[in-house]
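Q: Just a sequence and a predicted model for now, questions to come.
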2 protein chains.
Amino acid sequence: MNAKKIPDIIIGRLPVYLRALQHMADAGLKTTSSQELGEHVGISAAQIRKDISQFGEFGKQGTGYSIEFLINKLREILKVDQSWDVIVIGAGDLGHALAHYQGFKNRGFRVAGIFDNDKNKIGQTIGDFVIEDIATLNDRVKAQNIKIAIMTVPAAAAQEVADKLVQAGIKSILNYAPVNVNVPSNVKIQYSDPATNLQRMTYYL
Amino acid sequence: MNAKKIPDIIIGRLPVYLRALQHMADAGLKTTSSQELGEHVGISAAQIRKDISQFGEFGKQGTGYSIEFLINKLREILKVDQSWDVIVIGAGDLGHALAHYQGFKNRGFRVAGIFDNDKNKIGQTIGDFVIEDIATLNDRVKAQNIKIAIMTVPAAAAQEVADKLVQAGIKSILNYAPVNVNVPSNVKIQYSDPATNLQRMTYYL
């Protein structure tokens, strides 16, 4: 499937299609069209057909897409037809929110641990988690072969924490700190930052 | 500036360029190239030149872009050369995180209030904010002409809260609830959802 190099911009749209399709499936729908899916996600029907056709012929002219079939294909392509362990670094408000987050269920992820460097937080509990000492992070990531981390640390600590994660073997980082960090080219990083999300909409006000 | 219809996909990349440029400016840099900016944001130099040229000729062949000039232009284009009042709906963990968030500063936004419907939370404080009753939301949004809201409510409440926001006159919604909501076409909605962000990276694992 990865023999052909698919542009990252297309990969980035697949999770958005997947979320909308899962929403349709939850609502009891069985089939959809690129037109209908496009209205849900705000992307043109032509673009959706083009994106999906990169991976094979999943729709039928006239009858559209089977929602369940397309969900399964997208989960397979994105490798979320399995459950990935994810660690959270930073046990502040956002770390608490992630520990309680219900949106990971059935979407390919499981929070495996929450780490902090604050002696007052280490050993405290958040829901089912005991906050762990960041000093033990390296051993745990290696022992459990964890590949994915979420950073919810202050901006000033972000680069140092990212370096620790990379050294331990983490390959995918979701960074909530409002600052760019440098990672090697074999490590993927995504930024989630409310200001950037909001700036995308003010253009239209 | 808006006479020509600019594709939304381009508008969506501008805040990413802006964040990287502000990071460079903070580091004391004065000029940059599409090549260098591209390495920071993971987008090709050609794409960056094409995106920016939609709005005018901001760079010089050979000398590249003045960082300060480009920051000012992007802020103007995105209308974040002013400060927008933003309300937060939902005073849970994520609402707390947003109330304390330092990343809005100088980026065009100011949290103007936090609302909840839980009688045990209303009247409590989060930092400098007193949690307000969602029943008062409509009057406040209209009185202060607020256009932007962030939803951090449970999935089950998301559509009802979105409807209230739209009715009050909100035009931009950042939705953290892990569920799609329907809004009229004149209201912009952005989703921020850690599972979607993570799914974008698992493809590469």
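A: All right, it came through fine.
Q: in chain A, what residue sits furthest out from the centroid?
A: Most distant residue from the mean C-alpha position of chain A: A:Gly62, 32.9 Å away (CA atoms, centre = their mean).
Q: Could you tell me the angle between the longest helix seen in chain A and helix B:8-26?
A: Longest helix in chain A by number of residues (criterion: DSSP state H): helix A:8-26. Angle, helix A:8-26 to helix B:8-26, by axes from the mean of the first three to the mean of the last three CA atoms, to 10 degrees: 120 degrees.
Q: who touches helix A:8-26?
A: A:32, A:37, A:40-41, A:43, A:47-48, A:51-52, A:54, A:67-68, A:70-71, A:74-75, A:77-78, A:80, A:106-107, B:9, B:42, B:179-180, B:191, B:193, B:195-197, B:199-200, B:203-204 (CB atoms under 8 Å, 6 or more residues apart in numbering or on different chains). For the C-beta atoms, the positions are set from N, CA and C on the backbone; glycine is no exception.
Q: Does the helix or strand of chain A with the lowest mean pLDDT reach chain B?
A: Least confident helix or strand of chain A, by mean pLDDT, DSSP states H and E, is helix A:34-41 with a mean of 86. Yes - for helix A:34-41 and chain B, the contact criterion (CB under 8 Å from any CB of the partner chain) is met by A:His40.
Q: Just the buried residues out of the contacts of helix A:8-26, in ChimeraX syntax.
A: Buried residues among the contacts of helix A:8-26 (16 or more other CB atoms under 10 Å in any protein chain shown), as a ChimeraX selection:
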select /A:32,37,40,41,43,48,51,52,67,70,71,74,75,77,78,80,107 /B:179,180,191,193,195,196,197,199,200,203
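Q: Leaving out chain neighbours, which residue sits closest to A:Val181?
A: When the adjacent residues along the chain are set aside, A:Val181 lies closest to A:Ala162, with 4.3 Å between them (CB to CB, 6 or more residues apart in numbering or on different chains).
Q: in which helix or strand would I find the one you found?
A: Per DSSP states H and E, A:Ala162 falls inside helix A:155-168.
Q: Can you mark which positions in that helix are buried?
A: Applying 16+ other CB under 10 Å to helix A:155-168 flags A:Ala157, A:Ala158, A:Gln159, A:Val161, A:Ala162, A:Lys164, A:Leu165, A:Val166, A:Ala168 as buried.
Q: Can you list the strands that the following helix or strand past that helix pairs with?
A: Going down the chain from helix A:155-168, the next helix or strand is strand A:172-175, by DSSP H and E. Strand A:172-175 sits in its sheet next to strand A:148-151 (parallel), strand A:188-191 (parallel), going by DSSP bridges.
Q: rank those by pLDDT, which is bottom?
A: Ranked by mean pLDDT, the strands paired with strand A:172-175 end with strand A:188-191 at the bottom, a mean of 91.
Q: now what about that strand, what contacts it?
A: With CB under 8 Å, 6+ apart as the test, strand A:188-191 has contacts from A:162, A:171-175, A:180-181, A:183, B:16, B:19, B:197-198, B:200-201, B:204.
Q: farthest-separated two in the residues you listed?
A: Of all pairs drawn from the contacts of strand A:188-191, the greatest distance, 22.9 Å, lies between A:Lys171 and B:Arg19 (CB to CB).
Q: Can you tell me the centre-most residue of chain A?
A: Nearest to chain A centroid, counting by CA atoms, centre = their mean: A:Leu174, 7.3 Å.
Q: ok, back up a step: next, the buried residues of the longest helix of chain A.
A: Buried residues in helix A:8-26 (16+ other CB under 10 Å): A:11-24.
Q: swap in stretch A:175-194?
A: For stretch A:175-194, by 16+ other CB under 10 Å, it's A:175-181, A:183, A:187-194.
Q: again with stretch A:131-138
A: Neighbour-count burial for stretch A:131-138 [16+ other CB under 10 Å]: A:Ile131, A:Glu132, A:Ile134, A:Leu137.
Q: Export the helix holding A:Ala162 to CSV, keeping only CA atoms.
A: Output in CSV follows, covering the C-alpha atoms of helix A:155-168 (Å, rounded to 0.1, in the frame of the first residue of the first chain):
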residue,chain,number,x,y,z
ALA,A,155,6.5,26.0,26.2
ALA,A,156,9.8,26.5,28.0
ALA,A,157,10.1,22.7,28.7
ALA,A,158,8.9,21.5,25.3
GLN,A,159,12.2,21.1,23.5
GLU,A,160,13.9,19.2,26.4
VAL,A,161,10.9,16.9,26.7
ALA,A,162,10.8,16.3,22.9
ASP,A,163,14.6,15.4,23.0
LYS,A,164,13.9,12.8,25.8
LEU,A,165,11.0,11.3,23.9
VAL,A,166,13.1,11.0,20.7
GLN,A,167,15.9,9.4,22.6
ALA,A,168,13.6,6.9,24.2
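Q: ok, residues contacting it?
A: So helix A:155-168 is contacted by A:89-90, A:134, A:137-138, A:141-142, A:149, A:151, A:153, A:173, A:175, A:177-179, A:181-184, A:187, A:189, B:102-103 (CB under 8 Å, 6+ apart).
Q: make it 7 Å
A: A:89, A:137-138, A:141-142, A:149, A:151, A:153, A:173, A:175, A:177-179, A:181-184, A:187, B:102 (CB atoms under 7 Å, 6 or more residues apart in numbering or on different chains).
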